[in-house]
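Student: Sequence below, structure please.
(2 chains)
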Amino acid sequence: MQLSELEAIRRDLAALLGGHAVSVRAPDRALYSRDCWPRTLLWERRGELRHLPDVVVWPSSTDDVVRLVRYARERQLPVVAFGAGSSVVAGTVPLRAGIVADFKRMRALRTDLPQRRAVAQAGIVGQRLEEALARRGATMGHFPSSIYCSTLGGWIAGRGAGQMSSHYGKIEDMVLGLTAVTGTGEVVRAGPERAPGPDLVQLVTGSEGVLALVVDATVRIHPKPQARALRGVRMKSTEAGVEAMHGIFRAGMRPHVLRLYDPVDSLVADAHGGGRRTAEQAPRGRHGRALGLALRAPGLLNRAADLVPPRCMLVVSFEGDAQARVEERLRTALDVCREAGGTDVGESPARKWYRTRYSVSYKQSGVFMSGGWSDTMEVAAVWDRVLPVLRAVREAVSPHAFCACHFSHAYLEGTSLYFTFVGPAPTPQEGERSYERCWKAGMQAALAAGATLSHHHGVGAAKAMMLPEELGDGGMRLLRALKASFDPDGILNPGKLLS
Amino acid sequence: MTADGPVGAALERAVRAAALGEVETHEKDGGVAVLLWPRAAHDVARAVSIAARLGAKVAVTRRLRPGLLALQMHRLDAVEAPDEANCLVRVGAGALVRQVEARAIQSGLTLGPLLPSTARKRVGAWLSGPTRGERSIPGDRLETAALALEAVLAEASFYRSRETPRSATGPDLDHLLLGGEGRFGLITRATLRLFPRALAEATASRRVTGLVEAVAAVREASLEGLSPAEARWERALGTVEARFTGMFSAPRARRFGAGGIAGHEMARADLELCGSWRAWNAATPLRPEAFHLVGIHLDGAFGALRFEDPSELERAAHHAQAIGFAVVSPRCLRAPVGAGLQAAGAAALHEALLGALDPKSVFERMK
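Tutor: Residues are numbered from 1 along each chain as shown, chains lettered A, B, ... in the order given. Alright, predicted model coming up:
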């Protein structure tokens, strides 16, 4: 874009939103050119800054967003909504430049405790939201590991899940209503009261800023739990652990936390005193360099991992208003685990997990500095497909990356499988090639074995090429029809979902 | 071409020639209406294709008019053996909900408590209707029973969603069909979620002065984690009775009230509603003499109401919609399917969606 044109856009937007809400400065544009998609770290290692937006804006109100979208439509400029940039699938990378709209100035919160509802603007950061609710004796129950660097709007855009989703559900289960601005600048208000016809909330949730920009949402809140009962259970194998998870749901329980680590992830955690360090968080220094060398033969590493004793760690926790009641539920869950061959190893592993549960989002860069790359792929499947999906993905990615897995969001019908891949990147170019091969193999294997492509990270640009395989022709036709209806000019987050 | 006599006659010829299933024709208002009982989902797709070619409309309905191809889904009534491992059952859209429930119960599973009219419905009508096939996860939220759908779209192509407990692969496209009353596509098959049947069960009742107190008692029990599965109130008896299921809820039933009274089915349900607790709290002016709540969740409940004077029904339904309820039954009092989007300020969006999904306007609202 010509400088004069850019300056004209800056002036126009400053007139619409205020001078302090618009920037075309190089550092701002660089900052908003990436999110937490690991591939952008590989680009950074090469010193590349790809996908710079033309302008960054900070709207303060729904009216600002309407003005912004109408202007962008008139000028045919892409608009990418930005929360806190924690997408790991390039959900907020401005692939076709244009305007990045950072929503963090829209962070108002109103609670209605008697109705157990809160209305929050989209830009409120997760941790701030939970802190504010906690001061009122409430919780939303949404605790993603990215809670410090993600927003309500981002959760809704990506159909996110928190660590207690087995109990509270995913974000789509929590949102009762929302306000959004479509690509034509129309404001739609769905819910919280029930309306006839299709549920607009469910059509906007997960749309990744491609159909509409979410400006606020009404969410369900709960009294903040006063009691907690928790335990680590050693299972003899992944199969036994999955059986125990399934059994707990079949018995009518919905634990707040239910996480099973495969033997490799369990071993890494054990080696660090039962703490939360997993394969995703690599060692540094001398050990890091050794890891970099070892990663050059991922197939061998995976075969070595097969020799690891098959025992697994299961973390289970219940929260509630009375200690006796949560203890009762925990006892029942432990009975199910024992029936599946589990051994109660006390509270320690679960306590350590609680202490470090948000650390994971910040520790990947060590792997990149060790001459490797790491990423995670979260899929989901019904119970009788869980182990076939696990085996298929492990086998498919084995030549390309070291692979570990945990199971962390369970339902009566199935669970998510959260794979961690750690691959070689002796040079950034080689790293990118192995990264691409690993991802393609992993996604194809997961789909073929009956899983969905994503449980809670979303599609973004990273998985868009595989979406037609997941949705089929009919699904893609519906998705394109939604896009044509909500955003006829295609200005909202182009290149995501629909590549 | 408009939906008139010649269209109806051509439609009849084309549908008969394609051998898509049993066909009946009816003279109606000087034209011909065609009823078709497709035997399989592919018959539905071919029927839609024929109707689109001839400029006719398609709907799942018994209300006939000239030029309409009225599909009767009765033959798509397969109910597979419940998938006990995953708590699922795969069914054709023409299966009766009560048949599905009977099969589920044989396997120790259940759809959960449903409104009286739901049990009489076919699965496709239940999922396409205003409840969107929802039932409550005890003590928590509403969730549609549909884990995955198969549907025929306006261009006679198929949409099939994946059987997965949750996903984040874009918007939940099933929600264009759930509650859509056949306007965006015709559901032909579904995978439904089931619950394991609870072994423990208890009822308890408490005296209340009227509807508001009865609603408050049920809501309070729900918020306290007692998770009532269903509740009944009768003005004449002055009591509200709740049923509690499951190993954690049933033993705590006494916290709700004294031991259960003899269960009395509501003799008749005049009006079925779905609404938040806010709506239920404001329901006194509806003046029902009894309610039966199911789908009780943290935010509200489904309810069947009985009126002393059934002529009150229409007034009550209009008032209910004004205070935030959605009318589930009777059908004739339901708001049109586009009303939700219009209320959301998205009238233009609704029109655009119709244009994008059904450009030839083949589908009519299910009646």
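
Student: Just say helix, strand or coil for the residue nearest to A:Ala340 when sequence neighbours are not counted.
Tutor: Nearest residue to A:Ala340 in three dimensions, chain neighbours excluded: A:Ala244, at 4.0 Å (CB to CB, 6 or more residues apart in numbering or on different chains). C-beta: built from backbone N, CA, C; applies to glycine. Following DSSP: H, G, I helix; E, B strand; the rest coil, we place A:Ala244 in the helix state.

Student: A:Ala244 and chain B, how far apart?
Tutor: 15 Å (CB to the nearest CB, to the nearest Å).

Student: Nearest spatial neighbour of A:Leu13, chain-adjacent residues omitted?
Tutor: The nearest residue in space to A:Leu13 (CB to CB, 6+ apart) is A:Val22, at 4.6 Å.

Student: What residues are bridge-paired with that neighbour?
Tutor: Beta bridges link A:Val22 to A:Val57 when assigned by DSSP bridges.

Student: Quick check: the residue nearest to A:Ala340 touching A:Met235?
Tutor: Yes: using CB atoms under 8 Å, A:Ala244 is in contact with A:Met235, at 6.2 Å.

Student: Which neighbours do those two have in common?
Tutor: Counting by CB atoms under 8 Å, 6 or more residues apart in numbering or on different chains, the shared contacts of A:Ala244 and A:Met235 are A:Leu260, A:Leu314, A:Cys337, A:Ala340, A:Gly342.

Student: Shouldn't the first one be within a helix?
Tutor: The reference is to A:Leu260. No: per three-state DSSP, A:Leu260 lies outside any helix segment and is strand.

Student: before we move on, the earlier item: is it possible to export the shared contacts of A:Ala244 and A:Met235 to CSV including distance to A:Met1, secondary structure and pLDDT?
Tutor: Below are the shared contacts of A:Ala244 and A:Met235 laid out as CSV (distance: CB to CB, whole Å; DSSP: H, G, I helix; E, B strand; the rest coil; pLDDT from 0 to 100):
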residue, distance to A:Met1, secondary structure, pLDDT
A:Leu260, 50, strand, 96
A:Leu314, 54, strand, 96
A:Cys337, 60, helix, 98
A:Ala340, 60, coil, 97
A:Gly342, 60, coil, 97
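
Student: So what touches the helix or strand of chain B with the lowest mean pLDDT?
Tutor: Ranking every helix and strand in chain B by mean pLDDT, DSSP states H and E puts helix B:339-343 at the bottom, with a mean of 73. Helix B:339-343 has contacts (CB under 8 Å, 6+ apart) with A:Val188, A:Ala190, A:Ala195, A:Pro196, A:Gly197, A:Pro198, A:Leu200, B:Gly179, B:Ala347, B:Leu349, B:His350, B:Leu353.

Student: Output the below-cut-off pLDDT ranges for the stretch 351-499 of chain A.
Tutor: Residues of the stretch 351-499 of chain A that meet the criterion pLDDT under 70 lie in A:360-364.

Student: Where does it get nearest to chain B, which residue?
Tutor: Nearest to chain B in the stretch 351-499 of chain A, going by CB to the nearest CB, is A:Gly474, at a distance of 3.2 Å.

Student: Check whether that residue really touches B:Ala156, as I assumed.
Tutor: No: contact status for A:Gly474 versus B:Ala156: not in contact, 10.7 Å apart, counting by CB under 8 Å.

Student: before we move on, what SS does the residue lying farthest from the centre of chain A have?
Tutor: The outermost residue of chain A relative to its centre, with distances by CA atoms, centre = their mean, is A:Ser4 at 38.8 Å. Following three-state DSSP, A:Ser4 is assigned to helix.

Student: Closest residue of the stretch 51-200 of chain A to chain B?
Tutor: A:Ala195 (3.2 Å).

Student: burial count for that residue?
Tutor: Residues lying near A:Ala195 (other CB atoms under 10 Å in any protein chain shown) number 25.

Student: Next up, the contacts around it.
Tutor: Contacts of A:Ala195 were listed using CB under 8 Å, 6+ apart, and they are B:Ala326, B:Ala335, B:Ala339, B:Gly340, B:Leu341, B:Ala343, B:Ala344.

Student: one step back: extract the CA atoms of the least confident helix or strand of chain B and return them as CSV.
Tutor: Output in CSV follows, covering the C-alpha atoms of helix B:339-343 (Å, rounded to 0.1, in the frame of the first residue of the first chain):
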residue,chain,number,x,y,z
ALA,B,339,-38.7,-14.4,14.1
GLY,B,340,-35.7,-15.3,16.2
LEU,B,341,-33.3,-13.8,13.7
GLN,B,342,-35.6,-10.8,13.2
ALA,B,343,-35.7,-10.3,16.9
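
Student: What is the burial count for residue 119?
Tutor: Since no chain was named, I'll use chain A. 18.

Student: Chain B was what I was after
Tutor: 15.

Student: so it sits in a helix?
Tutor: Yes: according to three-state DSSP, B:Ala119 belongs to a helix.

Student: Who are the contact partners of it?
Tutor: B:Leu96, B:Val97, B:Arg98, B:Glu101 are the contacts of B:Ala119 under CB under 8 Å, 6+ apart.

Student: Is it correct that A:Ala30 is in contact with A:Leu52?
Tutor: Yes: at 6.7 Å, A:Ala30 counts as touching A:Leu52 under the criterion of CB under 8 Å.

Student: who has more neighbours, those two?
Tutor: Set side by side, A:Ala30 and A:Leu52 show more neighbours around A:Leu52, with 16 against 12, by other CB under 10 Å.

Student: Identify each buried residue in the least confident helix or strand of chain B, please.
Tutor: Residues of helix B:339-343 classed as buried: B:Ala339, B:Gly340, B:Leu341, B:Gln342, B:Ala343 (neighbour count, 16 or more other CB atoms under 10 Å in any protein chain shown).

Student: who touches whichever helix or strand comes after that helix?
Tutor: The helix or strand immediately downstream of helix B:339-343 is helix B:347-357, counting by DSSP states H and E. Residues from elsewhere that reach helix B:347-357 (CB under 8 Å, 6+ apart): A:182, A:184, A:186, A:188, A:478, A:480-482, A:484-486, A:488, B:153-154, B:176, B:183-185, B:338, B:341-342, B:361.

Student: For helix B:347-357, list the C-alpha coordinates in PDB.
Tutor: Extracted C-alpha coordinates of helix B:347-357, given in PDB (Å, rounded to 0.1, in the frame of the first residue of the first chain):
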ATOM      1  CA  ALA B 347     -33.800  -9.600   9.400                       C
ATOM      2  CA  ALA B 348     -31.500  -8.800   6.500                       C
ATOM      3  CA  LEU B 349     -29.300 -11.600   7.600                       C
ATOM      4  CA  HIS B 350     -32.200 -14.000   7.600                       C
ATOM      5  CA  GLU B 351     -33.200 -13.100   4.100                       C
ATOM      6  CA  ALA B 352     -29.600 -13.400   2.900                       C
ATOM      7  CA  LEU B 353     -29.300 -16.800   4.500                       C
ATOM      8  CA  LEU B 354     -32.500 -18.000   2.800                       C
ATOM      9  CA  GLY B 355     -31.100 -16.700  -0.500                       C
ATOM     10  CA  ALA B 356     -27.800 -18.400   0.000                       C
ATOM     11  CA  LEU B 357     -29.100 -21.700   1.200                       C
END
